[in-house]
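1. Below is the sequence, then the predicted model.
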Amino acid sequence: RVWNFSAGPAALPQAVLERAQREMLDWNGSGASVMEQSHRGKRFIEMAARTEADLRSLLTVSADYAVLFLQGGATQQFAQIPMNLAGDGDSADYIVSGHWSAKAVAEAAPYVQVNTAASSQKDDFLKLPPRDGWQLDPRAAYVHYTPNETIHGVEFHDIPDVGTVPLVADMSSNILSEPLDVSRFGLIYAGAQKNIGPSGLVVMIIRRDLLQRAGRPMAKIFRYAEQAANDSMLNTPNTWGWYVAGLTFQWLHAQGGLTVMAERNRAKAALLYQAIDGSDGYYSNPIELSARSRMNVRFTLHDSALDAAFLAESEAAGLMALKGHKALGGMRASLYNAVPLEAVQALTAFMQDFARRHG
Ligand code: PLP
């Protein structure tokens with residue numbers, strides 16, 4: 001297999017894929033695939049409960065929080081969050097630090113009065129909005145932010161203090177990459193396709209008191225309180241996604257948990273940024289040092305005329321999906337949990353060799 005630097009859907013741990021392959025035709029002694037059986041059956045319900053328990057222990061999630069396994073991707077949550085957390089006439093504060101937080105604003109706007117409390121758009125999202133300039137409203141229904149911007153490659157390295165207003169975080173591209181103090185958040189959500197499993201599944205951790213918010217009239221399927229009361233099985237869940245998420249959580253425990261993952265992720269990002277910064281300008285990363293993402297590392301070559309050769313040769317060398325997002329150009333290497341240090345070593349060796357050969 002190749003070293004896969006895709007931003008998402010992204011690499012999964014080899015051991016998870018191998019186990020899914022082994023269990024494909026006969027899951028858990030059932031004589032059928034997990035995809036072929038009822039989510040109401042004993043086997044599936046036990047698996048779902050274990051998966052939730054494994055996530056809770058990885059992140060030390062207290063009983064004050066419900067864990068939901070939803071569908072529709074993180075994008076659907078951009079709308080569902082204001083539907084559930086904001087009532088008539090409420091406003092919500094949004095911190096805009098890149099593509100995804102801007103999209104969250106656009107999708108929330110039909111459902112809540114959005115106050116852009118801070119934005120780094122005028123800096124082309126090359127840094128985070130300076131904390132002393134945030135215009136937070138203590139009456140806001142919630143504060144939404146995106147701790148890691150997958151496309152722009154900027155990351156918050158601490159949790160912002162927003163007082164008593166519930167903090168809502170789109171952790172699609174950094175969940176489970178390090179230990180997390182869940183108690184600082186009202187709601188955490190993540191599309192699964194980076195650090196968890198197949199796309200389409202969304203993992204949500206929501207403080208139970210927020211389930212009681214009246215929100216507005218809406219179909220049951222959209223209401224978090226209904227999902228929580230029905231173990232996220234109001235309708236047929238993404239059974240395959242839930243199962244693979246469970247395998248990933250077991251794998252994370254087997255690795256030693258999130259402290260170990262955090263060390264690995266720090267080492268991987270440090271190695272790649274060193275290769276970029278130490279290349280005498282052959283490669284560069286434009287992000288302010290304190291805001292650099294550990295998960296999504298952007299870089300450009302000193303001459304964009306070399307981009308096509310870089311991509312063709314890297315692919316031939318077994319390094320997959322280094323092309324940057326189309327809106328920004330250049331390159332991007334995503335270094336999620338499933339990408340081993342060895343992959344980053346192969347990438348940096350290739351980058352040095354490419355620079356030598358192409359001068
Ligand atoms: N939020 C972030 C930070 C993302 O990286 C993505 C990309 O997948 C999304 C939201 C959108 O997720 P989905 O495609 O699951 O709706």
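-> Ah, there it is. For clarity, every value in this text was computed on a predicted model and none was experimentally measured.

2. How confident is the prediction for residue 215, by pLDDT?
-> Looking at residue 215, its pLDDT is 82.

3. Now do the same contact list for the closest residue to the ligand within the stretch 201-350 of the chain.
-> When scored by CB to the nearest ligand atom, the stretch 201-350 of the chain has residue 202 as its residue closest to the ligand, at 6.9 Å. Glycine gets a C-beta too; all of them are placed from N, C-alpha and C. By CB atoms under 8 Å, 6 or more residues apart in numbering, the contact set of residue 202 is 68-74, 76-77, 189-192.

4. I'd like these laid out as a markdown table, including secondary structure, distance to the ligand and neighbour count.
-> Shown next, in a markdown table, are the contacts of residue 202 (DSSP: H, G, I helix; E, B strand; the rest coil; distance: CB to the nearest ligand atom, whole Å; neighbours: other CB atoms under 10 Å):
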| residue | secondary structure | distance to the ligand | neighbour count |
| --- | --- | --- | --- |
| 68 | strand | 15 | 20 |
| 69 | strand | 13 | 24 |
| 70 | strand | 11 | 24 |
| 71 | strand | 10 | 15 |
| 72 | coil | 7 | 16 |
| 73 | helix | 3 | 16 |
| 74 | helix | 3 | 25 |
| 76 | helix | 7 | 16 |
| 77 | helix | 8 | 26 |
| 189 | strand | 9 | 24 |
| 190 | strand | 8 | 23 |
| 191 | strand | 3 | 28 |
| 192 | coil | 8 | 26 |
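
5. List, one by one, the residues from the stretch 151-300 of the chain near the ligand.
-> 170, 172, 173, 191, 199 (CB under 6 Å from any ligand atom).

6. for the fourth one, what are its contacts?
-> With contacts taken as CB under 8 Å, 6+ apart, residue 191 has the following neighbours: 8, 73, 74, 75, 172, 199, 201, 202.

7. I'd guessed the third one sits against residue 192; true?
-> No. When contacts are counted by CB atoms under 8 Å, residue 74 is not listed as touching residue 192 (9.0 Å).

8. Would you map the strands across the stretch 201-350 of the chain?
-> Using DSSP state E, counting those that start in this stretch, the strands of the stretch 201-350 of the chain run over 201-207, 283-284, 296-301, 319-320, 331-334.

9. For stretch 120-129, the averaged confidence score.
-> pLDDT averaged over stretch 120-129 gives 98.

10. whoops, I mixed them up, stretch 228-235
-> The average pLDDT within stretch 228-235 is 97.

11. Would you map the helices across the stretch 1-150 of the chain?
-> 14-22, 42-59, 73-85, 99-108 (DSSP state H, counting those that start in this stretch).

12. any idea which of the ones you listed is most buried?
-> Mean neighbours per residue, mean count of other CB atoms under 10 Å, is largest over those for helix 73-85, with a mean of 23.

13. Tell me what angle that helix forms with helix 99-108.
-> Angle, helix 73-85 to helix 99-108, by axes from the mean of the first three to the mean of the last three CA atoms, to 10 degrees: 50 degrees.
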